[in-house]
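Enquirer: Sequence first, predicted coordinates after that:
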Amino acid sequence: MPNPIIKVVKASCSMIRRVLPAPFGDMVFRDAREIYYYYKGARGLDQTEVKVPYWERTESIVHPVVRVGFVGAGEYAQNHLQVLSYLRGAEITSILTTGGPRVKDVAAKYSISKLYSDIDDFLSQDDIDCIVVVVPARLIKSVAMQCLSSGKPVLMEKPPGFSADETSELVDQARKYKTYGMVSMNRRFYSVVEHGLAALAGYGPLRGAILEVPEAITLNRQSYRLPNIEFDHFMFRNSIHGIDLLRYILGDVKKVYSLARSNAQYGNRGASFAALVEHETGALSTILALWDTPPIFRLRLISEQGYLQFGPLEQGVFGKGKNTPEVPIKADKIDIKFRMGVYAQDLHFINAVREGRQPSVPACLLPDAYKTNLLIEQILSSSIEAENSLKQ
Amino acid sequence: MPYSVCVIGLGAQGMTQIKQLMVNPQKWSIVGVVDQSKLAYVRFQSLYYDCRIPFFNDIVEAIHALDTIDAIVISTTAPPRVAISRSILSTDYSGCLLLEKPISTSVVEARSLREQVYSRNMQDCLRVDYNRRAADFYRWIKRTIQAGELGSPLKIEYNRPCKINMKASHQIDLVNWLLNAQPVSVNAQLDQFSQVDHRGAYFFDPGGCVEIKYSSGVTFSLNTGDGAQELVQGLKIDCEDGTLHVNDEETTTVVRAKEKERQIVLSEGITSIQWFEATLEALVDDKSDYSLCTIDEAIICLEIMLGAHISSRLGGETVELPLNGENGREELRIA
């Protein structure tokens, strides 16, 4: 497309600016800077190369070595075991399981010297510095409650209970035993998310987001791969990652307006949930969970001059406008070697244990996780209908 | 031993300040940074991951976690500055505090902070970053005026298209300081529109014409709207026996006295971020020959800007200073 010919008329500040609708024509600008911005933005001649930041997460301090007591040996536990055994500054010294056949192979693979099948014996060890809990979702809360009573820091998988009240019990337990619990919200540590957010930081205030979290609930139930209690709390079990990430990025929630069609009496078949969220930061977000629709997760974060789009969350692009090509976001190599986010998260936890302090941002500690579970409850509660029925 | 500094607010200004302080590790050690924004957190990591600088969401958390902090720099946007300062003062922190300008968007808030500062006897530890005062360039001008070499100032003019709060407020504080006189009234006609920048569309910081009258009889006229392009740019101080003219890049001053003219290049290559560092150094070193902007002086500057907005809204009516009554309860929508 040839450069348009523009006749520029210098205007004094008392003139009213006119912009004619045709792409070419007489336009009135107040100064050269306005011409520059008009061309860059409106006419798609923005060829500025967008650089999405990239950095590699590394382990810098390895002494003293942090001794980890690990709970669980199932499929997902392998993700944490691989990372913790890779870290030079951590050592998995013991493992607690239900005593099934897999544990010996796991112990041999990760050179774990002590095997336990009794939790009281496991917790009575005085030569572990922290505990990592990776058990089925329905057991996390009860196991974590016991582990917190040891007074040692605990990294636990999500969800920290199937309700805000259950998470609150964990918060109280941690406080009672003067320790802390960190919940494995590893999406916060995804390098593609961090790199994307770092790019977006230079493009004006973050104004809002749109989150789509569909779940194939009927197919899942029909697989019988989990007990019913986990399907009955599927938003806490599965959708929690996307909802927590949204809350983490946009800030604490001020108000939620929600509509819920849970169809709980039919096993949530065709369930639909929609929420409009106002955040303390002033940002607005929309959460749409249409169950039994194509399971395509999508998160769009919108700043004044740019946006990020993830779909799935492991793949993201950064964009500035309709006339600027989207730039793919590159993941850290470590997130390709290990399950995304787990290396950075577990390293963050181990460093905090070594330094004797609570992990800071982006870690999700139990009080923070409580707020996410509260948001989930607000989404499920159909608040608009509740308010309307009160008015009646 | 370098001074340990904690920076709150990792927007463009905060990041520029950190970059400047890290150029001189013998003098400064960034011991912690604070921001509530997760975008600011990751942007910081993208540049300084290997420095392993502790990051906090909250300054109180940082104060409790860090062993020593000699100075805290508050570089957030304007609205939360008073609240953050108050939370710092509610701890046992006793180091220095340097706030970016303006001190607040509200005179009421700023005055309440002043009360708290005085009640904690921290008035000598808190300064506002109107950093021209620490520039050798302008300190020379102050000494020249004080010495009476050119006689008393009669009229001051500043011409340059720019935003009143972002850029021109530096000149307002500078003139307040150079004259050492009380502003008594302000008139203004501000532009209807304000260019949207990286701070966000919500913020409104136009240029325009502002006239400030001082108790000494001097008038300071600022032309920062589009019409300023037609005028000779920079700061011009007309005195009884001569003039001083500082160019808009703030690198050169021309002194005309008794039909003689001399041009002095005093700050070529020096940027305003180095003036920030000089301000911080003067604060932590407690340099008595520097006259940094106090909380009282920063409130005067805020009142002038608020008064300009009020006057412009009333069609250029004169607004008396200091602001009282309804005028004192106005708030600016600035970053």
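Expert: All right, it came through fine. Residues are numbered from 1 along each chain as shown, chains lettered A, B, ... in the order given.
Enquirer: got the residues of the stretch 201-350 of chain A near chain B?
Expert: Selection of the stretch 201-350 of chain A residues close to chain B by C-beta under 8 Å from any C-beta of the partner chain yields A:201, A:202, A:203, A:204, A:205, A:206, A:248, A:249, A:251, A:281, A:304, A:305. For the C-beta atoms, the positions are set from N, CA and C on the backbone; glycine is no exception.
Enquirer: show me what contacts the fourth one?
Expert: In this structure, residue A:204 makes contact with A:303, A:304, A:305, A:306, B:198, B:199, B:200, B:201, judged by C-beta atoms under 8 Å, 6 or more residues apart in numbering or on different chains.
Enquirer: what bridges to the first one?
Expert: Looking back up the chat, that one is residue A:303. residue A:206 (DSSP bridges).
Enquirer: isn't it right next to residue A:202, touching?
Expert: No - the pair residue A:303 and residue A:202 fails to qualify as a contact (C-beta atoms under 8 Å) at a distance of 9.0 Å.
Enquirer: quick revisit: what's the closest of the contacts of residue A:204 to residue B:224?
Expert: residue B:199 (17.5 Å; C-beta to C-beta).
Enquirer: sorry, back to before: between residue A:303 and residue A:202, point out the one with more neighbours.
Expert: Set residue A:303 next to residue A:202 and count neighbours by other C-beta atoms under 10 Å in any protein chain shown: residue A:303 wins out with 23 against 18.
Enquirer: What's the local residue count around residue B:91?
Expert: Neighbours of residue B:91 (other C-beta under 10 Å): 12.
Enquirer: With residue A:354 instead?
Expert: Counted with other C-beta under 10 Å, residue A:354 comes out at 18.
Enquirer: so it touches residue A:91, yeah?
Expert: No - counting by C-beta under 8 Å, residue A:354 stays clear of residue A:91, with 11.9 Å between them.
Enquirer: ok, residue B:246 to chain A distance?
Expert: 23 Å (C-beta to the nearest C-beta, to the nearest Å).
Enquirer: ok, which stretches of the stretch 51-200 of chain B are strands?
Expert: Using DSSP state E, counting those that start in this stretch, the strands of the stretch 51-200 of chain B run over B:55-56, B:71-74, B:96-99, B:126-128, B:153-159, B:183-190.
Enquirer: can you list those strands in JSON lines and add mean neighbour count?
Expert: Output for the strands of the stretch 51-200 of chain B, formatted as JSON lines (neighbours: other C-beta atoms under 10 Å in any protein chain shown):
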{"stretch": "strand B:55-56", "mean neighbour count": "21"}
{"stretch": "strand B:71-74", "mean neighbour count": "24"}
{"stretch": "strand B:96-99", "mean neighbour count": "24"}
{"stretch": "strand B:126-128", "mean neighbour count": "26"}
{"stretch": "strand B:153-159", "mean neighbour count": "20"}
{"stretch": "strand B:183-190", "mean neighbour count": "20"}
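Enquirer: Now render those strands as TSV, adding distance to residue A:348 and mean pLDDT.
Expert: Formatted as TSV, the strands of the stretch 51-200 of chain B follow (distance: least, C-beta to C-beta, whole Å; pLDDT from 0 to 100):
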stretch	distance to residue A:348	mean pLDDT
strand B:55-56	11	96
strand B:71-74	25	98
strand B:96-99	30	98
strand B:126-128	35	97
strand B:153-159	50	96
strand B:183-190	48	97
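Enquirer: Chain A: which of these is closest?
Expert: strand B:55-56 (6.0 Å; C-beta to the nearest C-beta).
Enquirer: Establish whether that closest one and chain A are in contact.
Expert: Yes - residues of strand B:55-56 are located near chain A by C-beta under 8 Å from any C-beta, namely B:55, B:56.
Enquirer: helices and strands around that strand, which ones?
Expert: strand B:28-34, helix B:38-48 (3 or more C-beta pairs under 8 Å, 6 or more residues apart in numbering or on different chains; DSSP states H and E).
Enquirer: Only C-alpha atoms, please: export stretch A:233-245 in PDB.
Expert: Extracted in PDB, the C-alpha atoms of stretch A:233-245 (Å, rounded to 0.1, in the frame of the first residue of the first chain):
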ATOM      1  CA  HIS A 233     -16.400 -30.500  43.200                       C
ATOM      2  CA  PHE A 234     -14.900 -30.200  39.700                       C
ATOM      3  CA  MET A 235     -14.600 -26.400  39.700                       C
ATOM      4  CA  PHE A 236     -12.500 -26.600  42.800                       C
ATOM      5  CA  ARG A 237     -10.500 -29.500  41.500                       C
ATOM      6  CA  ASN A 238      -9.900 -28.400  37.900                       C
ATOM      7  CA  SER A 239     -11.000 -25.000  37.000                       C
ATOM      8  CA  ILE A 240      -9.200 -23.600  40.100                       C
ATOM      9  CA  HIS A 241      -6.000 -23.000  38.100                       C
ATOM     10  CA  GLY A 242      -7.500 -20.600  35.600                       C
ATOM     11  CA  ILE A 243      -9.600 -18.800  38.200                       C
ATOM     12  CA  ASP A 244      -6.700 -18.500  40.600                       C
ATOM     13  CA  LEU A 245      -4.400 -17.200  37.800                       C
END
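Enquirer: what comes up buried for stretch A:359-374?
Expert: Within stretch A:359-374, the residues that qualify as buried are A:359-366, A:368-374, counting by 16 or more other C-beta atoms under 10 Å in any protein chain shown.
Enquirer: likewise stretch B:34-51?
Expert: B:34-49.
Enquirer: what subset of the residues you listed is also close to chain A?
Expert: Within these, those near chain A by C-beta under 8 Å from any C-beta are B:36, B:37, B:38, B:39, B:40, B:41, B:42, B:43, B:45, B:46, B:47, B:49.
Enquirer: roughly how far apart are the second one and residue B:176?
Expert: For residue B:37, the distance to residue B:176 equals 33 Å [C-beta to C-beta, to the nearest Å].
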